[in-house]
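Engineer: Quick one: sequence plus predicted model below, questions after.
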Amino acid sequence: MSNIISEIQAATVEVVNDLYSAKLDLAKVNVSATRKDMEGDYTIVVFPFTKMAGKKPEEVGEELGAKLVEAHPHISGYNVIKGFLNLSVADDYWLSVLGDIAADADFGKNEKKEDTVVVEFSSPNTNKPLHLGHIRNILLGWSVSKILQADGYEVKKVQIVNDRGIAICRSMLAWQKFGNGETPESTGMKGDHFVGKYYVKFASEFSKEYEAWQSTPAADEAFENREKKYQALDKTAFIKEYKNDYFNTHSALGAEAKAMLIAWEAEDPEVRALWKKMNGWVLSGFDQTYKTLGVDFTKLYFESDTYLLGKDMIADGLAKNILTQEDKRVMIDLENIGLATKTIIKSDGTSTYTSQDLGTAQLRWDDFAAKKMIYVVGDEQIAHFQGVFEILKRMKAPYADGLFHLAYGMVDLPTGRMKSREGTVVDADDLVNEVKSLARTNLTERGELEVLTAEEKEDIVHRIALGALKYYILKVNPTRRMVFNPEESLDMQGDTGPYIQNAYVRIQSILRKANPDGAALTYSYPSLAPVEKNLIMLLSSYPSVIASAAAKYDPSEVAAFCYALGKTFHKFYHDMSIMKAESEDAKNFRIVLATTVGKVLAKGMDLVGIEMPERM
RNA sequence: GGUCCCAUAGUUCAACUGGAUAGAAUGUCAGAUUUCGGCUCUGAAGGUUGGGGGUUCGAAUCCUCCUGGGAUCACCA
């Protein structure tokens, strides 16, 4: 399908080169939608051509406009204001565009690309439940995957489950010591919450232990012999800072947890069995949450399988003098990109996060031969990924140029509300349940859905609630830090998911009456009202919205598009009568327009992971 | 302290990557509609784009200095 903007660009290049015997670069031609308050559909900025033309902007605009109307069949008129040339596009062109879009079931699916893309997201630890930060991560990863797919890529959605290490040992130890054999089944708790409870239990027991220790001679001794990084501190400040070191030095619980980790690494059967059991609980809990959020993965990687990977690569890097070694410790100097030396293998010979990342990158390459790999990880890890990518570049990994860290900003809460005393963040499941219960209340209050079964109602509640939540998070540019206001996220008016869903529901309701069989309708050329033209222009921009969102890994562009389309439809619905249209042609045209808007709305919202209800 | 990121109506976010008079939503105020409320609709007010300087036809956007906030600077993940 032709794209009017690129047509105008190409025509402009031709005309300018012809008029001023210049060699204009296509990229220099700025074509954008004309401002609402001006006449015209598209605007060309003519300032860049004034130099080569040697004329004033107004003159250039006039010359260009006249030539373009002459040369291009779809351009029906123009006007010039200052250095801006506004072009009008003929109605019959827009009608044919609508016809094309209506007939194209795959509209918005861009040209197939050769590359496969791996998108890594979620990647939780298996010692506690998912929270608000994970939700942003998961929604982003899911949406970016969908958008890349629509843009023509083959996409593999993966996560790396951080299922080993000291954190899970804490939960395990706490359960072993204080659990009295209770299980998710016996307590009726969701598995991840159950294990999380023991993670918290460990933390509180450890704090108690630490507090008791503070008044012992050992604590004074530790303070006297403190390392230089603590030198400036007084005793109180020292105690505050020392907690982590205490875990590794004096703590009995810390020693037990570490012993458990060592036993795990030595594949002690008892520890492994406990670990398997507890991880199983957590993972089944995660599965439920993923299901609620409507996401799934192509493949899961487990850190327990991959944490030893990367050794071959490291040996290779050492052989090529890319990495350096001091006893067992392996590292790399990253000064050229302004980073500190990065340790890849610790001096005790054990692996690091970095060595794992190297190994998993290679493993994914072996699995999928993907030249692009997107890591959806918080922006606090920007420096880490810069380092990892630099290492892979120096090692000349074949996928090194396609690595991208989609670094999203933290989710803040307004003034500490909903933040519990321990600084625990908002739990993912609690949040979803809260949004759902609000949506349920709203829906039953309006009482419009009495005809439906309870099951159908619950399905609608689910779609609306998740629509609200997902849209609220995804409409913000990922790189930005955002404020999550729980009340606003439940809002259904204004720039929200349900507002857009409502446009779709309206369309479906009209169609049930106006064209119940979905018959193919014909109509002959009515003249377009401004809203109608706006709708078609918006529809026609959808493929380029996808391309742009895919290039920037930015779902917020798709969200903004859906909002604009929904809003314009609401206005259309308000201004134009469909059932009582002035003629049969107009009626048929508007039915086709509404049908097409509905179709594209559903497609667009699907890319941000939102399902459309048929009624609400 | 070094490096990186951010700062836009009261608030939450936009602004097609340098284009026209910086836009939405929400909140506030006024009005319409309605069976009260809600929903819906119309309108108004709300901005020196943190501050100064520079680059040019043109700056929220690029450069520079300053102010304020955040992240990071582990042989943690």
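Structural biologist: Cool, got the structure.

Engineer: Which of the three states applies to the residue nearest to A:T324 when sequence neighbours are not counted?
Structural biologist: The spatially closest residue to A:T324, leaving aside those adjacent along the chain, is A:M331, at 5.9 Å (CB to CB, 6 or more residues apart in numbering). (Each C-beta comes from the backbone N, C-alpha and C, glycine too.) Following DSSP: H, G, I helix; E, B strand; the rest coil, we place A:M331 in the strand state.

Engineer: Distance check, A:M331 against A:P269.
Structural biologist: Distance, A:M331 to A:P269, using CB to CB, to the nearest Å: 35 Å.

Engineer: quick one, which of those two is more surrounded?
Structural biologist: A:M331 (19 against 8; other CB atoms under 10 Å).

Engineer: what's that one in contact with, if anything?
Structural biologist: A:L323, A:T324, A:Q325, A:T341, A:K342, A:T343, A:I344 (CB atoms under 8 Å, 6 or more residues apart in numbering).

Engineer: wait, does the helix or strand hosting A:A361 make contact with RNA strand B?
Structural biologist: Using DSSP states H and E, A:A361 sits in helix A:353-368. Yes. Counting by CB under 7 Å from any atom of the strand, contacts between helix A:353-368 and RNA strand B involve A:Y353, A:Q356.

Engineer: Could you chop chain A up by domain?
Structural biologist: Listed by automatic domain parsing, the domain ranges of chain A are A:4-89, A:165-294, A:311-350, A:428-476+A:486-607.

Engineer: for stretch A:386-402, the distance to its chain's centre please.
Structural biologist: Chain-centre distance of stretch A:386-402: 23 Å, with CA atoms, centre = their mean, to the nearest Å.

Engineer: ends of it, how far apart?
Structural biologist: Start-to-end span of stretch A:386-402 (CA to CA, to the nearest Å) is 13 Å.

Engineer: which non-adjacent residue is nearest A:G61?
Structural biologist: Counting by CB to CB, 6+ apart, A:V80 is the residue found nearest to A:G61 once chain neighbours are left out, at 3.5 Å.

Engineer: Tell me how many other residues crowd the one you found.
Structural biologist: Neighbour count for A:V80, taken as other CB under 10 Å: 20.

Engineer: Pretty sure it sits in a helix.
Structural biologist: No. Counting by three-state DSSP, A:V80 is not part of a helix but strand.

Engineer: Tell me who's in contact with it.
Structural biologist: By CB under 8 Å, 6+ apart, the contact list for A:V80 reads A:V46, A:E58, A:G61, A:E62, A:G65, A:N86.

Engineer: of those residues, closest to RNA strand B?
Structural biologist: Closest approach to RNA strand B among the contacts of A:V80 (CB to the nearest atom of the strand): A:N86, at 5.4 Å.

Engineer: Now do the SS call for the closest one.
Structural biologist: Three-state assignment for A:N86 (three-state DSSP): strand.

Engineer: Not counting its own residues, what contacts the worst-scoring helix or strand of chain A on mean pLDDT?
Structural biologist: For chain A, counting by mean pLDDT, DSSP states H and E, helix A:486-489 ranks last in confidence among helices and strands (a mean of 78). By CB under 8 Å, 6+ apart, the surrounding residues in contact with helix A:486-489 are A:L413, A:R417, A:M418, A:V426, A:L431, A:E434, A:V435, A:A468, A:L469, A:Y472, A:I473.

Engineer: The same query, at a cut-off of 6 Å, please.
Structural biologist: Residues outside helix A:486-489 that contact it (CB atoms under 6 Å, 6 or more residues apart in numbering): A:L469, A:Y472.

Engineer: Go through the following helix or strand past it and flag the buried ones.
Structural biologist: The first helix or strand that comes after helix A:486-489 along the chain, using DSSP H and E, is helix A:497-514. Residues A:497-508, A:510-511, A:514 are the ones in helix A:497-514 that count as buried (16 or more other CB atoms under 10 Å).

Engineer: Model confidence score at A:A340, please.
Structural biologist: Predicted confidence (pLDDT) for A:A340: 87.

Engineer: Find the nearest non-adjacent residue to it, please.
Structural biologist: Among residues not flanking A:A340 along the chain, A:L334 sits closest, at 6.9 Å (CB to CB, 6+ apart).

Engineer: Pretty sure the one you found sits against A:F389.
Structural biologist: No. Counting by CB atoms under 6 Å, A:F389 is not a contact partner of A:L334; they are 10.6 Å apart.

Engineer: and the two? which has more neighbours close in?
Structural biologist: Set A:L334 next to A:F389 and count neighbours by other CB under 10 Å: A:F389 wins out with 21 against 17.

Engineer: count of residues packed around the residue of chain A found nearest RNA strand B?
Structural biologist: Nearest residue of chain A to RNA strand B, counting by CB to the nearest atom of the strand: A:G494, 2.1 Å away. Using other CB under 10 Å as the criterion, A:G494 is surrounded by 10 other residues.

Engineer: A:F178 now?
Structural biologist: Counted with other CB under 10 Å, residues neighbouring A:F178 total 13.

Engineer: residues contacting it?
Structural biologist: Neighbours of A:F178 in contact, by CB under 6 Å, 6+ apart: A:K201.

Engineer: what do you get if the cut-off is 10 Å, keeping everything else the same?
Structural biologist: A:K197, A:Y198, A:K201, A:F202, A:E205 (CB atoms under 10 Å, 6 or more residues apart in numbering).

Engineer: Please pick the buried ones from those residues.
Structural biologist: Among the contacts of A:F178, those classed as buried by 16+ other CB under 10 Å are A:K197, A:Y198, A:K201, A:F202, A:E205.

Engineer: tell me which parts of the stretch 501-616 of chain A are close to RNA strand B?
Structural biologist: Where the stretch 501-616 of chain A comes near RNA strand B, counting by CB under 7 Å from any atom of the strand, the residues are A:S548, A:K552, A:S556, A:E557, A:A560, A:Y563, A:H570, A:K571, A:H574.

Engineer: Just the buried ones out of those residues, please.
Structural biologist: Buried members of those, counted by 16+ other CB under 10 Å: A:S548, A:K552, A:S556, A:E557, A:A560, A:Y563.

Engineer: which of the residues you listed sit farthest apart?
Structural biologist: The two members of those with the most space between them (CB to CB) are A:K552 and A:Y563, at 17.7 Å.

Engineer: possible to save the residues of the stretch 501-616 of chain A next to RNA strand B as TSV with secondary structure, pLDDT and distance to A:Y542?
Structural biologist: Listed next are those as TSV, based on DSSP: H, G, I helix; E, B strand; the rest coil; pLDDT from 0 to 100; distance: CB to CB, whole Å:
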residue	secondary structure	pLDDT	distance to A:Y542
A:S548	helix	93	11
A:K552	helix	92	16
A:S556	helix	95	16
A:E557	helix	94	11
A:A560	helix	93	12
A:Y563	helix	92	13
A:H570	helix	87	18
A:K571	helix	85	18
A:H574	helix	80	23
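
Engineer: Farthest pair within those?
Structural biologist: Maximum pairwise distance in those, criterion CB to CB, is 33.2 Å, between A:K552 and A:H574.

Engineer: near RNA strand B, which residues of the stretch 351-500 of chain A?
Structural biologist: Contact residues, the stretch 351-500 of chain A versus RNA strand B (CB under 7 Å from any atom of the strand): A:351-353, A:356, A:379-384, A:410, A:445-446, A:475-477, A:479-483, A:485, A:488, A:491, A:493-496, A:499.

Engineer: Write a PyMOL command that selects only the buried members of those.
Structural biologist: Selecting the buried subset of those in PyMOL, with 16+ other CB under 10 Å as the burial test, is done by:
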select buried, chain A and resi 351+352+353+356+379+384+410+475+476+477+482+491+496+499
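
Engineer: can you give me the strands for the stretch 1-150 of chain A?
Structural biologist: Assigned by DSSP state E, counting those that start in this stretch, the stretch 1-150 of chain A shows strands spanning A:31-33, A:42-45, A:75-81, A:84-89, A:116-120.
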